[in-house]
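J.: okay, structure incoming, though there's no sequence with it:
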């Protein structure tokens with residue numbers, strides 16, 4: 001059984017994978033759910049000095065100290081920035097990448113370049129605290145409340161720092177899972193930017209592309225279906 005590393009998106013933490021993690025573990029996989037510096041249970045480390053490179057280092061150190069090899073890395077949303085930066089530096093491990101409704105950056109791009117191209121990054125007290133009235137596409141009030149009480153602000157440097165890539169990432173098998181339910185919330189421009197990148201992947205023969213009829217936070221709203229798609233890669 002290959003290990004599975006689940007990487008969260010902006011404002012989230014390893015906590016968001018609780019429901020999916022249980023399903024993957026029951027299927028026999030070792031599952032790792034790190035939390036990036038300054039978020040979730042590591043919110044006490046938040047600050048303006050937290051940048052994209054630190055988050056990439058977080059992920060690389062997790063892979064190193066968990067001694068992961070021949071594993072599947074699943075990145076959600078902003079996590080695509082971090083996973084791409086880490087993959088660029090990995091040379092000696094066997095890995096497959098799943099971008100779960102995640103940003104697929106090109107060399108020289110930041111998350112703000114991709115998702116806030118025509119708008120300013122919204123900040124509260126100098127930190128990114130999310131898009132007003134946006135609950136990641138969730139419909140169920142219980143799910144919305146569960147996520148709201150756990151999300152934490154994030155340093156804007158993680159979103160404005162540009163990623164510099166030095167290697168060809170097509171050496172890794174890459175998969176894009178596009179969440180198709182964008183019916184709730186004001187963040188249509190941002191989530192549509194992710195979908196656009198997903199469609200580019202669909203047209204690229206070095207990628208596979210699947211569509212999941214679920215909102216952006218699919219690991220919360222549709223854990224069984226999300227786990228099923230992850231397992232379709234991990235169990236091959």
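T.: That came in fine, so what should we check first? Note that the structure is predicted; figures quoted are calculated from it, not measured.
J.: how about the residue of the chain most remote from its centre: what's its closest non-neighbour residue?
T.: No residue in the chain sits farther from the centre than residue 125, which is 24.5 Å out by C-alpha atoms, centre = their mean. Spatial nearest neighbour of residue 125, excluding adjacent residues (C-beta to C-beta, 6 or more residues apart in numbering): residue 153 at 7.8 Å. C-beta coordinates here come from the backbone N, C-alpha and C atoms, glycine included.
J.: wait, residue 87 touches residue 93, no?
T.: No - taking contacts as C-beta atoms under 8 Å, residue 87 lies outside contact range of residue 93: 9.7 Å.
J.: for this protein, which element, helix or strand, carries the lowest mean pLDDT?
T.: helix 188-202 (a mean of 83; mean pLDDT, DSSP states H and E).
J.: tell me which residues in the next helix or strand after that helix are buried?
T.: Next along the chain after helix 188-202, taking DSSP states H and E as the criterion, comes strand 207-212. If you call a residue buried by 16 or more other C-beta atoms under 10 Å, then strand 207-212 has these buried ones: 207-209, 212.
J.: got the angle for strand 207-212 vs helix 188-202?
T.: Using axes from the mean of the first three to the mean of the last three C-alpha atoms, to 10 degrees, one finds that strand 207-212 and helix 188-202 are set 140 degrees apart in direction.
J.: center of this protein, which residue is that?
T.: Nearest to the chain centroid, counting by C-alpha atoms, centre = their mean: residue 76, 2.1 Å.
J.: more neighbours, residue 87 and residue 93?
T.: residue 87 (22 against 15; other C-beta atoms under 10 Å).
J.: contacting residues for that one?
T.: By C-beta atoms under 8 Å, 6 or more residues apart in numbering, residue 87 lies in contact with 73, 95, 97, 169, 172.
J.: the helix or strand containing the first one packs against which elements?
T.: Secondary-structure assignment from DSSP H and E places residue 73 in strand 71-76. Using 3 or more C-beta pairs under 8 Å, 6 or more residues apart in numbering; DSSP states H and E as the contact test, the elements touching strand 71-76 are strand 3-7, helix 79-89, strand 95-100, helix 223-234.
J.: you'd agree the residue nearest to residue 125 is up against residue 124?
T.: Yes - counting by C-beta under 8 Å, residue 153 does reach residue 124; the two are 6.9 Å apart.
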